[in-house]
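Chemist: Pasted the sequence and its predicted model underneath.
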Amino acid sequence: NTPTTTPTPTHTPTRTPIPTPTRTPTITPTPTATPGSVTIAMNAQGGTLVYPLTNGAMITLEVPPQAIENPVTLRITHTTPPVAPLMLTQGFASFFVMTVVGEGGQTIPNSFHFSQPAMLHVHYIDVNMAANEEEKLDLFTFDANTLEWHLAACGATSHDVINNELAAPICAAAIFGVYV
């Protein structure tokens, strides 16, 4: 009898399945959207147009009696600035355009002027703004001819840093920016 060699069995490792990691969903707050535009029909009696912004900020336009001679529709629309202004801080900033539409539905060009100043109130959120920056917050208008931003008020501007409100008299429809 001749001895036979039996091969030594080799060990084959068995893979243990690794569970696939499950992602934990991150809850992202939904921002409050600034409306596309708000409009109001006005006549010689005047009126108030309220434009809500994100996070509780708000723009209010108060048109006094006799500031508008013929009935019009005033529209405020959020906009991206045509030319970015030089801003001193990354705090509150908002850009919007005020458009005036006549009785026949035609847009009156930026040459529209109120017979007497309308008052534009901006209730802002002071996140990321120091108190001394709030005092510098102002209303600007964009000049399409020079491509520059200029102070928009046609009278004295007031700041209420306690209640986070800027009030400025305006004399015309335009592209506006509120920033420091």
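Modeler: Alright, I've got the coordinates.
Chemist: So which residue is smack in the middle of this structure?
Modeler: The centroid of the chain falls nearest to Ser94 when counting by Cα atoms, centre = their mean (4.2 Å).
Chemist: Tell me the predicted confidence for that one.
Modeler: pLDDT, Ser94: 87.
Chemist: try Ile108
Modeler: So Ile108 comes in at 86 (pLDDT).
Chemist: surely it meets Phe114?
Modeler: No: counting by Cβ atoms under 8 Å, Ile108 does not reach Phe114; the two are 11.9 Å apart. Any C-beta I mention is one placed from the backbone N, CA and C, and that applies to glycine too.
Chemist: Tell me the first helix or strand C-terminal of the helix or strand where Phe142 lies.
Modeler: Assessed by DSSP states H and E, Phe142 sits inside strand 138-143. Next in sequence after strand 138-143, counting helices and strands by DSSP H and E, comes strand 148-151.
Chemist: any idea how far that following strand is from the chain center?
Modeler: 18 Å (Cα atoms, centre = their mean, to the nearest Å).
Chemist: partners of it in the sheet?
Modeler: Strand pairing for strand 148-151, using DSSP bridges, gives strand 138-143 (antiparallel).
Chemist: buried residues in the partner strand?
Modeler: 138-142 (16 or more other Cβ atoms under 10 Å).
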